[in-house]
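**Student:** With the input below, show me the fold.
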Amino acid sequence: MDKEEDGYLRSCGDMPWLALPYDGDGASSRALARYFDVREIPTLVVIGPDGKTVTREGRNLVNLYFDMAFPFTDEQIRMLQEVEDEEAKGCAPSLFHAGHRHELSIVSGKSGCGPYICCECDEQGFGWAYQCIACGYEIHLRCGPNVVDGGSAGTAGP
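**Tutor:** Residues are numbered from 1 along each chain as shown. Modelled structure (predicted):
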């Protein structure tokens, strides 16, 4: 779907998975985009060994879980979410973060925290987060307590 080969090669250069070769006239990529209902690029559609679509959410799953998302099945994603739920039990219920002036509270996807971009590391997040209820500032759980004063700090609340 890229209009120029240079742009295509730049976007594919860092990807650890196979990609179709550049399609100069765009006929093949347009046909695939229609078939898989691609609405934006980049998109990662995961196809199983049987040729059936496993998920159209490959990009989001790789952003969230990296290689742990493989094989991208509902069972694997459920297991990863259960691990996150268990890890969240050991986190402080709230904290203060030097990157923000308000107290941040722990929230989960079940309590209203949808997909977000972490204000600390600029990576996508989903599920558990520390969130400012007043203004929506959000950080990953891993980005909260691991930070030190002098830049973006995370300290437990008073």
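
**Student:** what's the straight distance from one end of stretch 31-49 to the other?
**Tutor:** Stretch 31-49 has an end-to-end distance of 21 Å (criterion: Cα to Cα, to the nearest Å).

**Student:** So which bits of it are buried?
**Tutor:** 33, 38, 43-46 (16 or more other Cβ atoms under 10 Å). Just so you know, the C-beta spots here come from the backbone N, C-alpha and C atoms, and that holds for glycine as well.

**Student:** Can you tell me which of these is closest to residue 56?
**Tutor:** Comparing the buried residues of stretch 31-49 against residue 56 with Cβ to Cβ places residue 45 closest, at 5.3 Å.

**Student:** thinking again about what came up before, sitting in strands, which of the buried residues of stretch 31-49 do you find?
**Tutor:** Using DSSP state E, the members of these that fall within strands are residue 46.

**Student:** which one of the buried residues of stretch 31-49 is nearest residue 126?
**Tutor:** Nearest member of these to residue 126, counting by Cβ to Cβ, is residue 44, at 15.6 Å.

**Student:** Next, format the buried residues of stretch 31-49 as TSV and append pLDDT.
**Tutor:** Formatted as TSV, those follow (pLDDT from 0 to 100):
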residue	pLDDT
33	89
38	90
43	85
44	88
45	92
46	92
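
**Student:** wait, which of the buried residues of stretch 31-49 is closest to residue 98?
**Tutor:** residue 44 (34.7 Å).

**Student:** my read: the closest one touches residue 17, true?
**Tutor:** Yes - under the criterion of Cβ atoms under 8 Å, residue 44 makes contact with residue 17 at 7.3 Å.

**Student:** for stretch 30-45, the distance to its chain's centre please.
**Tutor:** 19 Å (Cα atoms, centre = their mean, to the nearest Å).

**Student:** What residues sit buried inside the helix of greatest length in the chain?
**Tutor:** The residue-count maximum for a helix in the chain (DSSP state H) belongs to helix 74-88. Using 16+ other Cβ under 10 Å as the test for burial, helix 74-88 gives 77, 80-81, 84.

**Student:** Who are the packing partners of whatever helix or strand comes next after it?
**Tutor:** With elements assigned by DSSP states H and E, the helix or strand that comes after helix 74-88 is strand 94-97. Judged by 3 or more Cβ pairs under 8 Å, 6 or more residues apart in numbering; DSSP states H and E, strand 94-97 is in contact with strand 103-107, strand 129-131, strand 154-156.
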